[in-house]
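1. pasting a predicted model and its sequence here:
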Amino acid sequence: MKRLVLIALILAPTLALAMPRAVFACVCYDSAGATQTPDATDECNTACGNTTATESASSPGICDCGTRSEPLNCSTVCSQYGYTLTQPATSASAPLVKYQTPQLNVKIPGVSFDTPILTNGEASSNFIGTYIAGVYKYLIGFAMTVSIVMIMIGGLRYVIGGVSAKEVSAGKKIMVQASEGFVLLLFVYVILYTTNPELIFSRDIRLTQIDQIKLSLDTSGDEGQASTCGGISTYKDMPEPYKSIIAAAKAGGSCPLTGSDPYDSPTGKPPNCGTHHWYDRGVDGDWEKDHNLDYAATWGTSFHSPFAGKVSYQIRSTAENPCGNTITLTGENGVKAYICHAKDFVDDGGARLTDGSTVLKGQVLGHIGGRCCAGEKTPSNWSAGKYCTFTGTACTDPNALEPSCACQKAAQSGNTTGPHVHITWAGDGNILACLDD
């Protein structure tokens, strides 16, 4: 029995490390109708007035303040991440991302796996925590059953021992040891939680999508580096070597967009020159490496869709990607582009397109952002920290026009030296091959 208790005590802390964290309280819906559960810890902390609040796993929409509970405004939480509280109508043919949940060869009673949650380009799940927690609960139940059986055996030996002091003592010892083990098993969770609550939680595994990793790399460095092209107004007026690089891309590459005029500048002007996104400053094939362009523009002016397609929007709440507020534009023939550093996602009248809407080439998608407010802290691998010098009222809602705001939080401006539009070409073909003459 001592060995049983010892094994249980050894297993309990190890397995309890993987006990899953309470589920996020708010259930939201993205543009495709898929459920999302964004992190509402900050909102819970505000509602509770402390920094240790958690979200209740048993009562959705409720914050656990420790000694009391407070309601959580899930509508606000959902809108902060660009989601809705109600499920939108979606087309039956709309493609949705499918994730495979683990299939156990040996079934464990009570163990089931939730579908991974996709948030801000990261798929998160707690498969390992759920599995180990299930094993832990199963072993606890088994150990308790053994403890009860041993108590019964000890009691039987105690009763039938009769006049044998040795049997009576042995039966009593078995009952005491089994009872001690039973009590310890019951209080393992409480002991660990009292010692350190983090011992019983397992953080989700977060996997960043490959395109988000590439986007992060594409928007590194001195983003929005000032143009050195002068006052030119068309691509054909660009100086060398840029004109030759574009010509080489048109000759050796391909543009999957159809029509005689498939691509337009989002600002109406040619892209920035300089060395930030132009490779080798030559024409020896380096156009194949160039999938990004920056377009300098004035803060708050509108920018337009460079080609026709469907749009989706992503408001950045944390500085996890230097692209900042992002518009994803998906066009024909496998064409896909990310548009970074947006101030907002509304037209000049303040109207916002819904995710999944079809836009025409030249249609207003939002307004120029990329001004990081003074005092904002940026990740150490961003160059933008030294450029966070803009003062004035900070923008708060990318779903509104906010004409009086003058700068953005670092998470929404992204890594940028100043106002501009960044385009990362993530689909087939090459962006330079699509530029007009």
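-> That came in fine, so what should we check first?
2. now the residue nearest to Asn430 when sequence neighbours are not counted: how far from Ser265?
-> Distance criterion CB to CB, 6 or more residues apart in numbering; nearest residue to Asn430, sequence neighbours excluded, is Gly253 at 4.0 Å. For the C-beta atoms, the positions are set from N, CA and C on the backbone; glycine is no exception. For Gly253, the distance to Ser265 (CB to CB, to the nearest Å) stands at 18 Å.
3. who has more neighbours, the two?
-> It is Ser265, of Gly253 and Ser265, that has more neighbours when counted by other CB atoms under 10 Å, with 22 against 17.
4. how close does that one get to Asn415?
-> The value you get for Ser265 to Asn415, if CB to CB is used, is 22 Å.
5. try Thr84
-> In terms of CB to CB, Thr84 sits 29 Å off from Asn415.
6. what does Cys78 give?
-> Between Cys78 and Asn415 the distance is 27 Å, computed by CB to CB.
7. those two: which is more packed in?
-> Set side by side, Cys78 and Asn415 show more neighbours around Asn415, with 30 against 22, by other CB under 10 Å.
8. quick one, helices of the stretch 201-350 of the chain?
-> All helices of the stretch 201-350 of the chain, identified by DSSP state H, counting those that start in this stretch, fall at 210-218, 242-252.
9. so which of those helices has the densest surroundings on average?
-> helix 242-252 (a mean of 18; mean count of other CB atoms under 10 Å).
10. how far does the longest helix belonging to the chain sit from its chain's centre?
-> Longest helix of the chain, by residue count under DSSP state H: helix 127-160. What separates the centre of helix 127-160 from the centre of its chain is 40 Å, taken as CA atoms, centre = their mean, to the nearest Å.
11. any idea how far His304 lies from Ala411?
-> Counting by CB to CB, the gap from His304 to Ala411 is 25 Å.
12. Ser124 now?
-> For Ser124 relative to Ala411 (CB to CB), the value is 18 Å.
13. wait, Ile174 touches Val149, no?
-> No: judged on CB atoms under 8 Å, Ile174 makes no contact with Val149 at a distance of 10.5 Å.
14. between the two, tell me which one has more neighbours.
-> Neighbour count, other CB under 10 Å: between Ile174 and Val149, Ile174 has more, with 20 against 11.
15. which pLDDT value belongs to that one?
-> Reported pLDDT at Ile174 in the predicted model: 90.
16. then the one 10 residues further on?
-> Per-residue confidence for Leu184 comes out at a pLDDT of 82.
17. quick check, it in a strand?
-> No: the assignment for Leu184, made by DSSP: H, G, I helix; E, B strand; the rest coil, is helix rather than a strand.
18. run a quick neighbour tally on it.
-> 16.
19. repeat for Glu320
-> Neighbours around Glu320, by other CB under 10 Å: 16.
20. what of the one 3 residues further on?
-> Taking other CB under 10 Å as the neighbour definition, Cys323 ends up with a count of 26.
21. how near is it to Leu185?
-> Relative to Leu185, and taking CB to CB, Cys323 is found at 50 Å.
22. low pLDDT regions in the stretch 151-300 of the chain?
-> Scanning the stretch 151-300 of the chain for pLDDT under 70 picks out the ranges 162-163, 197-203, 206-211, 226-228, 230, 279-285.
23. my guess is Gly356 meets Thr328, correct?
-> No: the criterion here is CB under 8 Å, and Gly356 misses it with Thr328 at 10.6 Å.
24. what touches both of those two?
-> Common neighbours of Gly356 and Thr328, counting by CB atoms under 8 Å, 6 or more residues apart in numbering, are Val311, Ser312.
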